[in-house]
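> Return a 3D structure for these sequence lines:
(one chain, ligands or ions: 1)
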Amino acid sequence: MADVRFRPFVWSDIPAITAIYRHYVDDTVITFETEPPGEAEMAERFGKLLTLRHPLIVVEQAGQVVGYAYASFYRPRAAYRFTCEDSIYLSKDVVGRGIGGQLLDRLLEDSRAAGFRQMIAVITAERANSVRLHERAGFQHVGRYEAVGYKFDRWLDIVHLQRAL
Ligand SMILES: CC(C)(COP(=O)(O)OP(=O)(O)OC[C@H]1O[C@@H](n2cnc3c(N)ncnc32)[C@H](O)[C@@H]1OP(=O)(O)O)[C@@H](O)C(=O)NCCC(=O)NCCS
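Reported below is the predicted structural model:
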């Protein structure tokens, strides 16, 4: 993991972030989006995170953006305001090297500092590495929803894991 650096988001990260996410929309069931958002849409989404002062971290390796993570409201209604949901996406070229664990640890710290009290991970049930990543970070399994997603001609379950901050 030489040269890995975690830093705040800057606007010039948008093209790299859009490209990283596009792969997971187009080719995987990790996200339940089916149309990849373009750079303008991603800029709008990230602008909202900045406005809300939600945690947003970018990972660089050798000067290239190779991943990002953020925490945002779990649900929009006001009484949920102390509960966040995490999102972590690494470039497919750097998965499986332990960067995700470090990124999640930092996101947990930043989310606590931002005033969140609980974090919920919503994960496609079959994604064992993502489930394992969260278990290692102290998340507990709290539920499973069956066949709530449909992508690439099959039904998908999701699991929820939770960690107090
Ligand atoms: C999920 C993600 C953030 C994990 O980060 P990572 O740096 O790749 O993490 P790793 O795969 O190295 O490690 C995660 C853990 O899963 C384990 N793991 C990997 N593949 C596994 C498998 N098929 N079954 C069970 N465990 C597995 C690893 O051994 C590791 O556990 P350990 O630390 O106890 O050894 C990253 O792979 C990623 O961005 N994936 C695509 C997007 C995504 O899935 N985001 C999460 C959405 S909730």
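
> Just list whatever residues bridge to residue 151.
Beta-bridge partners recorded for residue 151 (DSSP bridges): residue 154.

> Give me the three-state assignment for the residue nearest the centre of the chain.
Nearest residue to the geometric centre of the chain (CA atoms, centre = their mean): residue 87, 1.3 Å. Classification of residue 87 by DSSP: H, G, I helix; E, B strand; the rest coil places it in strand.

> Look up phi and psi at the closest residue to residue 3 other than its chain neighbours.
Once flanking residues are discounted, residue 3 sits nearest to residue 62: 4.6 Å by CB to CB, 6 or more residues apart in numbering. (C-beta placed from N, C-alpha, C; glycine too.) Main-chain torsions, residue 62, degrees, to the nearest 10: phi 50, psi 40.

> Now do the SS call for the closest residue to the ligand within the chain.
Relative to the ligand, the nearest point of the chain is residue 100 (1.9 Å; CB to the nearest ligand atom). Here residue 100 takes the helix state, with states given by three-state DSSP.

> check contacts around it.
Residues in contact with residue 100 (CB atoms under 8 Å, 6 or more residues apart in numbering) are 67, 88, 90, 129, 133.

> one more time with 10 Å, if that's ok
By CB atoms under 10 Å, 6 or more residues apart in numbering, the contact set of residue 100 is 59, 67, 69, 88-90, 94, 129-130, 132-134, 136-137.
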